[in-house]
Every structure is written in C-alpha cells, then in structure tokens.
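> here are the coordinates; sequence isn't available:
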C-alpha cells in the first residue's frame, strides 16, 4: 500500500487545483473592487471622502505584511532547495508576522475610534475603512490556515510534489492578500 | 480527501480490469457526502426540483389573491394560519410570497438547479475528465447550497415571516428592520441564505472553469468542445466576476441593518421618529445589486441556450449552424452583460447621457442574441427532425427567447422605460425570456440527459403531455400581462380593486390564474414521470439519441472515474451529423478520420498537409467515378 501510495504521488496533478486558488483570488479581488467602487461613487456624489489622517498603525502593519511576504518567499526557496528546516523556520516567521499584522490592525481601529471616527458614522466612507480592513483581516486568517497547512505538511514529511503544491497555494494566497492590502491602503491614502 | 480521488485516477489508468471492490463506499459517502460529480449533479437537480415546486406553489397562492381579491378560501387559513386570516392572504404575506417566489426561482432553481446540475454532470463527461478539479470543493458547493435552501425556507416558520422587499431587496425598506414585518428576522435570514448561496455558486463556478481549462482529454481542444460546455464555461466566468459584488453589497446592507451604519440610508423618518442615519444612498445598493443582477439573468439563460444548442443539433440530425458564431455570440453576451446594468435604473434620476450609454449597450446585446436565434432556426431548417420531448422543450426555449426578447428592445429604451418601468410589462418580459425560456432549457436537459443520469428512459408520451400543457399555459399566463403593463398597471400590487383604472383587468387576472393552475397541474405529469422512471423506467441503451458527444461512451452503470480504463481520445468536433458519404448519420467524437475516409472533407484536417495527402490518395484509389465528374 505504501508503494502504491508513492506511485500515486507521482501522478498527482496540482495544476487544476492551483488554478482554483487563482480563480478564488480573482473573485475576492472583485469583492474588494465592489467596495472600493462604492467608495469612489459615494465620495464623488457627496464631494467628500473619509477626510482622515490614517493612523500610523496602518503604516507599520503594511511594513510587517510586506516583510512577511519576503519570509514566505524565502520559505518557498528553502523548500525548493530541499531545506525543510529552513522552510519551517521561515514559515513560522511569516505566521508570526501575520499575527503581528492582525494586532496592528486592531490598534489602528482603536486609534481611529479614539479620534472620533467610529464604525457607526454618518460618513459612510469612514465606515467603509472598517469594512474593507475587517474583511481583509478575515483573509489574513484564511492565509494563516494556508500557512499552517504547509507547516503540517512539512513536519509530516509528505512527498515533495505535494509539499511544493501546498507551499505554492500558500504563496499565491499570501502574496495576494499582501498586494490586496497595499492596494487598499494606497486607495484609502489617495482618496481621503 | 483528495487522496481518494487520486487513488481512483491511478487505479483506472493502470488496472483496468479490477473492480471497485476495495473502495468501501457507505451510504453516507455515496449518496450524502458524495464527491462524485454525477451524484452531486443529481443532488442539485432533485433539490432544484423541490425548490421549483415550492416556488410554483407560492406563485399559485398569490395568483389566487390577484384573481379573487374579495373571496375567502378557508383552506388557506388552515395551512397558513394568521397569514391568511379569514381565508384571505394578508397584504404583507402577499409581498413575502412574491419576494420568495422570485428569489427561489432566479437563484435556487435557475442558477443552482440549472448550472449545478448540468455543469456538474456534463463538464467532466463531455470533456473526458475523471471528475472535477476539486471534488471536495464540489461537495462543499452542494452543501452550502442546501444550507442556503434550508435557511431561506426556514424564514416561513418565524413570527415575522419571510423577507418581503422584493427579490432585489432595495433599501431603505430592506435596511430598516422595523419598517415592515418582512424586513425583520426574515430579511436577515434572506441575507445569510444569499451569502451561503453565493459561496456555493463561487465554489461551483471556480471548479467548472478550472476543469474546463485544465482537464480536457487528449484531442479535446477548445474548438472541439460541445456548445454546452462553452455555455457552462462562460456562465461560470460570469458568476466568478459578478457574484462577489453582490456579497460586497450584501455585507454593507448587513452593517446598515444590524450595526447602524449609513451606507444606504439617509434622511429617514419613521412614524414620528427621525432616524440618525445620514449621508448614505439607496441608489448605491442598486448599482452594486444590478452589477450582479444583470449578469445573473445571463447566468440563468446561457446554460439553457447551450443545452438547447446541443439538443437541437442532435435531434435535427444536422450540424449546429454557425458553431463559431454561436461561441462568439456567447462571448459577446458575456462581455456586454457587464456594461448594461444601468437599464434597470433608468428612472432613478440617472443622468440622461449615462442612460443613453446604457441604452446603447443594452440594445447591442440584441445582436448576439439574434445571431443565436437565427442559428437555431437555421439548424432546424430542413433537418430530419426527431420530436423527442427534449427537442420540443428546446424548440419551446427558442420560441420564448424570441417572444420575450422582442419586448426587451422596448424596455431597453430609456424613454419607453419611463412608461413601462415597474409595470406588468416588465413581469411579462422577464418571465418569458428568462423564466420560461430558462426553465424550458432545463427541462429539455432533464429529458435529454435523464438516461445518462439514471440509466433509465423517461416516458415520452407523458413528456409530450407535459410539454404541450406547459407551453400553451405559459403563453396564456404571461402574454396577457403585456397588455396590463401597457395600460400602466404596476407590479407587486396586492389587489386591483382599489383603483378605478385597474378594475377592468380583474377578469384577465382570473383567466391568467386559471392558466397558471393548469400549468402547475401539468407539472405533476413531469414529477410523476421523473420519479417513477428513476425506479421503474425502461432501461436506457448506451446512446439513446445517437449523439456524438463523449458522455454517451461512458458505461451506463455509474462508476467513480467515469470510464473504465483509458479515457477516450477525441478526434473531431461534436456535430458531425448527416455527413455526406458517412455510413451512419452520426459520427461520434471518438472516431478518427482514418475510419471515415468516405466522408472526410478537406477542412476537417485543419491544414494538416500530410493528412490531406493521405485523403487525396485514398480518394484517387477508391472514388474514381466521383473524380471524373
């Protein structure tokens, strides 16, 4: 049975499954596109945006997220070179940075709240900041699940093509939410 | 989970002659949490049929109210309790009936029931794949759909009743839980149900696209795919690109309803109370909703068009007329459907210039639609038509698509729409072009692929009875509504008795209601035929309709992985019917050109000079008489 299982891994075709993740990325982009276009039409018709100086925590969290993407890249490279130890180390760092990002987002929300820009607001543009960053954070949560999936695979020493598949879908998703956040942050900066 | 399917793939590729003995399939994994695309297709179909029967029942209830607004039906009170006190349907329950009828029909029957059934069944079978790209995601897709159905129906069992702001749930009515009973818990359940539904649609659609692009068998290039697959593929793309926008809109609506934000709300006075919400705009909901909502009507109709392309070609025993034109018109519809949503909003105070733009894009959609219609007619023209029940329903689709499509040209006109907006003219239009046409496409598909799904044949005589009653009654129901609309009778009104100018239409409403009741009874013929034939139907032969596509080469007995042994290779397009010189009037896609030397045509070889030379040599040797001519 062990023998047949190994044979099956040779036949494992990751391409359609990876494509599924790409298509998810597309549909998720469109959901955020829906919100940002709401914002554009709203601010164009009201002649005002959120009108805030965004909290510094958003800047730090952006930096943390970019750094996490770099470590994820290193993890993928380590796996390709067959260095599972390094892969695990870098994955843990990515995961930790993801958690730090989440904490910073909460800090950003609380400083927004303290400055008087609460979620429940008669300026829908301000409410939208909470909505997009909140739903982005849900994506981070999903991304952390992807990272854990890669880590579990790595510790269980699954065959290399499957391990690479798990690492690759993690990369697609995590880099996507990284870029997505940069888009959202820049969008909110430019449309104040 | 994925290892199971991998094992299967491996198994089939390498050990053709083993059975499936060592796969321990329990009742639970085979019928409930199945990951096999054929079983999931059946789950979608049967759930879809149940939902369709429910939604049809709701429509009969509100038709009763419209026909006899002053009459009491004590039996209604027995079933509906306080919603039909004294045997008369209450106004707020009437609105709930209309809302849930629309929601179920558009989303649960004609989106999930149609795409979910036939994309799942046919994409792997017609393309020659073992299963979907991700069978696990496919299973999840069904169970999300099922949960969405349960939650939607659950709203009938709560104190305040189901959502009743219309299937488009426009705020502010839908955003204020205290506005009407139907905007309370029922609306929350509607929104939760729709989010689950969208998740289900996305999981399905993503799977379909990935499967079509990555898992076709050898020889099956994109331009050899049956039109069904093209239609499902483009429908799935439409879904992936438009459903997320609905989620975006729904999330904002949930925030407005439950957390007190003002995305869609401004300047509202309820009773004597001024609400604090300010700055939002309900028009923005309409933009987000119709950005999905318009592509949605094509999500509904395109699979039906694909299904009827296949059925009309098979049963006319002729190649589909304009295969490439059919595909390009589907692509054209797909692209155009994203830039026409504003035609639902002509009377929202839209800038007339913008209205003009949306009008032009809307009218341009008539071009690919007409291309498709004429191609159907040209395919039928001088064919050896076999009037199977499936064929009749496919022709019925063409009929509804024409008669309903023509009124679309009226409604797409920004100036005419001022008069016709929100009248029964709109109701008549979309019930013909999207409701009846799509449901006929779906029924055609059920009759045609029933042998493939269940290995049995449906009774043809009952099928004819079902078709003629449904076809005639559908016209009797929807055609008179045009005239109500032209006279300015508005949609969604509870009773026509309060308005002088509407009273003359009461008799028409009685007529329409009787036609609707007969149409509903006609569906009993279908339901009996469907469920009886699953168990007691005549056993189906391998290829009952003598069709060319791959699904008819797979064994009638279902097995996970679809084909024992190797997947068949594809050599030709799927529409070689009545090819001159061929022995039979159909040549399946799996037959290589080397076996049909007498019927090959120069363009079959797509510029392959070596094959052309072989063909020429063969013709010189075997057809001296013809060469002399």
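Thanks, I have the structure now. The model shown is predicted, which means the values in this text are computed figures rather than measured ones.
> In three-state terms, label the residue in chain A positioned nearest to chain B for me.
Going by CB to the nearest CB, chain B is nearest to residue A:34 of chain A, at 3.1 Å. Using the backbone N, CA and C atoms, a C-beta is placed for each residue, glycine as well. Under DSSP: H, G, I helix; E, B strand; the rest coil, residue A:34 falls in the helix class.
> Pull the number of nearby residues for it.
Per other CB atoms under 10 Å in any protein chain shown, the neighbour tally for residue A:34 reads 23.
> and the residue nearest to it when sequence neighbours are not counted, what is it in contact with?
With sequence-adjacent residues excluded and distances taken as CB to CB, 6 or more residues apart in numbering or on different chains, residue A:34 is closest to residue B:248, at 3.1 Å. With contacts defined as CB atoms under 8 Å, 6 or more residues apart in numbering or on different chains, residue B:248 is in contact with A:31, A:32, A:33, A:34, A:35, A:38, B:288.
> can you list the weak-confidence ranges in chain A?
Flagging of chain A using pLDDT under 70 yields the residue ranges A:1-11.
> And the pLDDT for the residue nearest to residue B:176 when sequence neighbours are not counted?
Setting aside the residues directly before and after it, residue B:176 is nearest to residue B:183 in space (CB to CB, 6+ apart), at 6.0 Å. Turning to residue B:183, the model gives it a pLDDT of 92.
> Residue B:24 too?
Looking at residue B:24, the pLDDT reads 65.
> isn't there a strand covering residue B:571?
No: going by three-state DSSP, the assignment for residue B:571 is coil, not a strand.
> for it, phi and psi?
Main-chain dihedrals, residue B:571, degrees, to the nearest 10: phi -120, psi -20.
> residue contacts, it?
Residue B:571 neighbours (CB under 8 Å, 6+ apart): B:219, B:589, B:590, B:591, B:592, B:593.
> change it to 6 Å
B:219, B:592 (CB atoms under 6 Å, 6 or more residues apart in numbering or on different chains).
> on that earlier part again, which pair of the contacts of residue B:248 spans the longest distance?
A:32 and B:288 (12.7 Å; CB to CB).
> between those two, which one's more packed in?
residue B:288 (27 against 21).
> Which strands and helices lie in contact with the helix or strand where the more buried one lies?
Under the criterion of DSSP states H and E, residue B:288 resides in helix B:282-316. If you count contacts as 3 or more CB pairs under 6 Å, 6 or more residues apart in numbering or on different chains; DSSP states H and E, helix B:282-316 packs onto helix B:227-258, helix B:366-380, helix B:389-411, helix B:437-454.
> Quick one: mean pLDDT for it?
95.
> Can you check what angle separates that helix from helix B:227-258?
Using axes from the mean of the first three to the mean of the last three CA atoms, to 10 degrees, the inter-axis angle of helix B:282-316 relative to helix B:227-258 is 160 degrees.
> Just the buried residues of whichever helix or strand comes after helix B:282-316, please?
Later in the chain than helix B:282-316, the nearest helix or strand by DSSP H and E is helix B:323-336. Going by neighbour count (16 or more other CB atoms under 10 Å in any protein chain shown), the buried part of helix B:323-336 is B:323, B:325, B:326, B:327, B:329, B:330, B:332, B:333, B:334, B:336.
> quick one, helices of chain A?
With DSSP state H, the ranges of helices along chain A come out as A:2-11, A:15-46, A:56-80, A:84-114, A:124-156, A:160-190.
> Quick one: name the residues of chain A near chain B.
Within chain A, the residues that sit near chain B (CB under 6 Å from any CB of the partner chain) are A:8, A:11, A:15-17, A:19-20, A:23, A:27, A:30-31, A:34-35, A:38, A:120, A:122-124, A:127.
> Show the buried residues in those residues.
A:8, A:16-17, A:19-20, A:23, A:27, A:30-31, A:34-35, A:38, A:123-124, A:127.
> which pair in these spans the largest distance?
A:8 and A:123 (56.9 Å).
> In terms of pLDDT, where does the closest residue to chain A within chain B sit?
Of all residues in chain B, residue B:248 sits closest to chain A, at 3.1 Å by CB to the nearest CB. On the pLDDT scale, residue B:248 is placed at 95.
> ok, now residue B:260?
The model's pLDDT for residue B:260 equals 89.
> what about stretch B:133-149 and chain A, any contact?
Yes: contact of stretch B:133-149 with chain A (CB under 6 Å from any CB) involves B:133, B:134.
> returning to what we had before: could you save the contacts of residue B:248 as JSON lines and add columns showing distance to residue B:215?
Below are the contacts of residue B:248 laid out as JSON lines (distance: CB to CB, whole Å):
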{"residue": "A:31", "distance to residue B:215": "27"}
{"residue": "A:32", "distance to residue B:215": "29"}
{"residue": "A:33", "distance to residue B:215": "29"}
{"residue": "A:34", "distance to residue B:215": "30"}
{"residue": "A:35", "distance to residue B:215": "34"}
{"residue": "A:38", "distance to residue B:215": "37"}
{"residue": "B:288", "distance to residue B:215": "34"}
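> Just the closest of those to residue A:140, please.
Distance to residue A:140, by CB to CB, is smallest for residue A:32 among the contacts of residue B:248, at 13.5 Å.
> The closest one and residue B:292, how far apart?
15 Å (CB to CB, to the nearest Å).
> Could you pull up the contacting residues of residue 95?
Picked chain A for this. Applying CB under 6 Å, 6+ apart, the residues near residue A:95 are residue A:147.
> that's the wrong chain, I wanted chain B
With CB under 6 Å, 6+ apart, residue B:95 has these contacts: residue B:164.
> same thing but at 10 Å, please
Taking CB atoms under 10 Å, 6 or more residues apart in numbering or on different chains, we find residue B:95 in contact with B:62, B:161-166, B:173, B:180-182, B:492, B:494.
> same thing with residue B:457?
Here residue B:457 is in contact with B:447, B:450, B:451, B:533, B:537, B:538, B:539, B:540, B:541, B:544 (CB under 10 Å, 6+ apart).
> So the first one sits against residue B:530, correct?
Meaning residue B:447. Yes: between residue B:447 and residue B:530 a contact is recorded at 9.4 Å, counting by CB atoms under 10 Å.
> Neighbour count: these two, which is higher?
residue B:447 (26 against 23).
> And the more buried one, what's its pLDDT?
The model's pLDDT for residue B:447 equals 97.
> Leaving out chain neighbours, which residue sits closest to it?
Of all residues not flanking residue B:447 in the chain, residue B:390 sits nearest, at 3.9 Å (CB to CB, 6+ apart).
> Could I get the contacting residues of the one you found?
Counted by CB under 10 Å, 6+ apart, residue B:390 has contacts B:307-308, B:310-312, B:314-315, B:443-450, B:458, B:460, B:463, B:467, B:545.
> Just the buried ones from the residues you listed, in PyMOL syntax?
Only the buried entries of the contacts of residue B:390 go into this PyMOL selection, using 16+ other CB under 10 Å:
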select buried, chain B and resi 307+308+310+311+312+314+315+443+444+445+446+447+448+449+450+458+463+467+545
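> Alright, that wraps it up for me.
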